[in-house]
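K.L.:
Below: sequence and its predicted model.
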Amino acid sequence: SVRELFTSWPIAAAAAGVGGLALIGCSSSDAATGTSTPATLPSSDVGTAESGTDDDSGETTAESDVDAPTDSVDGVQPVGFSTVEARVTSADGDVCEVCLWLADTADERSRGLMGVTDLGDADGMLFRWAEPLQGNFVMIGTPTPLSIAWFGEDGALVDEADMEPCLDVDTSGCERYPADGPYSAAIEVFQGGLDELGIGPGARLEILTETEASGCPPA
């Protein structure tokens with residue numbers, strides 16, 4: 001049988017079961033802690049806007065409305081987010097089940113991992129949108145490098161990138177990181193962590209339905 005990848009999305013389905021597939025060793029989230037204050041915001045130059053908030057249409061506020069933190073505090077975990085389980089299948093068929101902080105509202109996507117220095121028990125953060133879009137991500141006030149992977153409607157990997165900190169007061173100079181095509185979801189981890197989750201060329205993402213919970217992994 002097949003399942004819809006994302007509960008509210010009109011997305012092509014992926015296999016629900018993993019029978020006969022080997023589960024690869026996923027990284028321990030305890031080892032994935034570090035310093036991070038990412039502002040991960042799509043860009044209006046290509047369909048959505050670089051700024052502090054966005055909505056399902058991809059429109060956002062101006063960058064001048066966004067605080068650009070320049071300091072970080074160790075041990076700060078995401079606040080106000082639920083978590084969700086997901087399954088990453090590599091091009092070789094290896095399967096890794098992960099638990100991710102979930103950002104699927106305009107406010108949550110605008111906050112992302114800003115100010116976060118510790119992922120807690122999660123492996124990263126999942127951003128998702130109701131409709132596919134194409135835009136840039138920007139590391140406003142982010143003192144530690146991150147890695148990002150974008151996924152399309154069918155769950156296939158669209159692109160990935162390493163993103164460098166931008167602590168400039170004038171955020172207009174912060175580098176923009178575009179995906180090489182439309183995407184409906186993105187996963188952020190501390191830089192270098194994508195391989196440990198099985199994310200690479202040919203990988204596919206399945207967000208498991210009915211797994212959203214306040215804790216990680218969901219009870």
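P.N.:
Arrived safely, thanks for sending.
K.L.:
can you tell me how far I199 sits from W150?
P.N.:
When distance is defined by Cβ to Cβ, to the nearest Å, I199 is 10 Å away from W150. No exception for glycine: its C-beta is placed from N, CA and C like everyone else's.
K.L.:
Overlap in contacts, these two.
P.N.:
Contact criterion Cβ atoms under 8 Å, 6 or more residues apart in numbering; residues shared by I199 and W150: 157, 160.
K.L.:
Show me the shaky parts of this structure.
P.N.:
Along the chain, segments meeting pLDDT under 70 span 1-73, 219.
K.L.:
Got the phi and psi for E131?
P.N.:
Dihedral pair for E131: phi -130, psi 150, per degrees, to the nearest 10.
K.L.:
And E196, its phi and psi?
P.N.:
According to degrees, to the nearest 10, E196 has phi -70, psi -20.
K.L.:
can you give me the helices for the protein?
P.N.:
Ranges of helices within the chain are 106-111, based on DSSP state H.
K.L.:
Which stretches in it count as strands?
P.N.:
2-3, 14-15, 82-89, 95-103, 124-133, 136-138, 146-151, 157-163, 176-178, 183-190, 204-207 (DSSP state E).
K.L.:
now the ones you listed as a markdown table including distance to P217 and mean neighbour count?
P.N.:
Formatted as a markdown table, the strands of the chain follow (distance: least, Cβ to Cβ, whole Å; neighbours: other Cβ atoms under 10 Å):
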| stretch | distance to P217 | mean neighbour count |
| --- | --- | --- |
| strand 2-3 | 18 | 12 |
| strand 14-15 | 20 | 16 |
| strand 82-89 | 6 | 23 |
| strand 95-103 | 4 | 23 |
| strand 124-133 | 13 | 22 |
| strand 136-138 | 26 | 24 |
| strand 146-151 | 20 | 25 |
| strand 157-163 | 23 | 18 |
| strand 176-178 | 29 | 18 |
| strand 183-190 | 16 | 26 |
| strand 204-207 | 14 | 25 |
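K.L.:
Confirm for me that A86 is in contact with L102.
P.N.:
No - if you go by Cβ atoms under 8 Å, A86 and L102 don't touch, sitting 9.5 Å apart.
K.L.:
Spit out the residues that contact the two alike.
P.N.:
L126.
K.L.:
Switch the strands of the chain over to CSV; also include distance to R111.
P.N.:
Below are the strands of the chain laid out as CSV (distance: least, Cβ to Cβ, whole Å):
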stretch, distance to R111
strand 2-3, 29
strand 14-15, 29
strand 82-89, 13
strand 95-103, 7
strand 124-133, 10
strand 136-138, 14
strand 146-151, 15
strand 157-163, 17
strand 176-178, 18
strand 183-190, 12
strand 204-207, 20
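K.L.:
Of all those strands, which one is nearest D170?
P.N.:
D170 sits nearest to strand 136-138 of all the strands of the chain, at 12.6 Å, using Cβ to Cβ.
K.L.:
That closest one pairs with which strands, parallel or anti?
P.N.:
Next to strand 136-138 in the sheet, as set by DSSP bridges, lie strand 176-178 (antiparallel).
K.L.:
sorry, back to before: go through the strands of the chain and name the closest to D118.
P.N.:
D118 lies closest to strand 183-190 among the strands of the chain, at 10.1 Å (Cβ to Cβ).
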